[in-house]
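Enquirer: sharing a model that was predicted from the sequence below.
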Amino acid sequence: MEEPSDSPRKRCFGCGEKNTEGLQIDFTIEGKRATGRFVTRREHQGFPGLTHGGISAAAIDEAMGWAMYAAGVWAVTAKMEIKYRQAVPLESALVVWAEVARDRGRRLEATGELRTLDGELLVEAKGLFMRMSQGVAEQLQTSYLGGRGPGSSESR
């Protein structure tokens, strides 16, 4: 089943292709790992020539959300710990990935990284996610995916 043309996911700040102000990260899912690619833009500037740290955090948070999807779970971020290893230059192509490291029932732990295309580590993170109730999950599944559940082999 295809994603509905009016899916709210298309306006997502992290991955929505219709959100011209967003990151427009293009994700793929392999097993339980979500990997995405995007390019930082001048509009993402913090200090001159550098990407704002919040953009890096948003990219990893988005990847962790996709990792929840890959694991077949609807969950929201409860906490994130970010380690900025190097400054992220503007107008650079980046790879972000995340995966669920531990499923503890209602709580899930994820890890993620932001790297250059050459593999240089820029930012790493750990996150705690809270599983949504069955009722909320069903509503999201219907509005975002037209009834198709998270964890299916189809991409979002």
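Expert: Nice, thanks for sending it over.

Enquirer: where's the residue of the chain positioned farthest from its centre relative to Leu90, distance?
Expert: Residue farthest from the centre of the chain, counting by CA atoms, centre = their mean, is Pro48 at 25.6 Å. From Pro48 across to Leu90, the span is 9 Å (CB to CB, to the nearest Å). (Each C-beta comes from the backbone N, C-alpha and C, glycine too.)

Enquirer: centre of the chain to the lowest-mean-pLDDT helix or strand in the chain, how far?
Expert: Least confident helix or strand, the chain: helix 134-145 with a mean of 79, by mean pLDDT, DSSP states H and E. Relative to the chain's own centre, helix 134-145 is displaced by 18 Å; criterion: CA atoms, centre = their mean, to the nearest Å.

Enquirer: now do stretch 108-123
Expert: 12 Å.

Enquirer: beta-bridge partners for Trp97, please?
Expert: Taking DSSP bridges as the rule, Trp97 bridges to Thr35, Glu113.

Enquirer: again with Met130
Expert: Under the criterion used here (DSSP bridges), Met130 is bridged to Val76, Arg107.

Enquirer: so it sits right up against Trp74, yeah?
Expert: No - Met130 is beyond contact range of Trp74, at 10.1 Å (criterion: CB atoms under 8 Å).

Enquirer: of these two, which one has the most company?
Expert: Higher neighbour count among Met130 and Trp74: Trp74, with 22 against 13, using other CB atoms under 10 Å.

Enquirer: so the more buried one sits right up against Trp66, yeah?
Expert: No - look at Trp74 against Trp66 with CB under 8 Å: they stay out of range, at 12.0 Å.

Enquirer: so Lys10: helix, strand or coil?
Expert: helix (DSSP: H, G, I helix; E, B strand; the rest coil).

Enquirer: just give me the longest helix of this protein.
Expert: Longest helix in the chain, counting residues (DSSP state H): helix 53-70.

Enquirer: surely Glu91 meets Thr40?
Expert: Yes - using CB under 8 Å, Glu91 is in contact with Thr40, at 6.1 Å.

Enquirer: neighbour-wise, which of those two wins?
Expert: Between Glu91 and Thr40, counting by other CB under 10 Å, Thr40 is the more crowded of the two (21 against 12).
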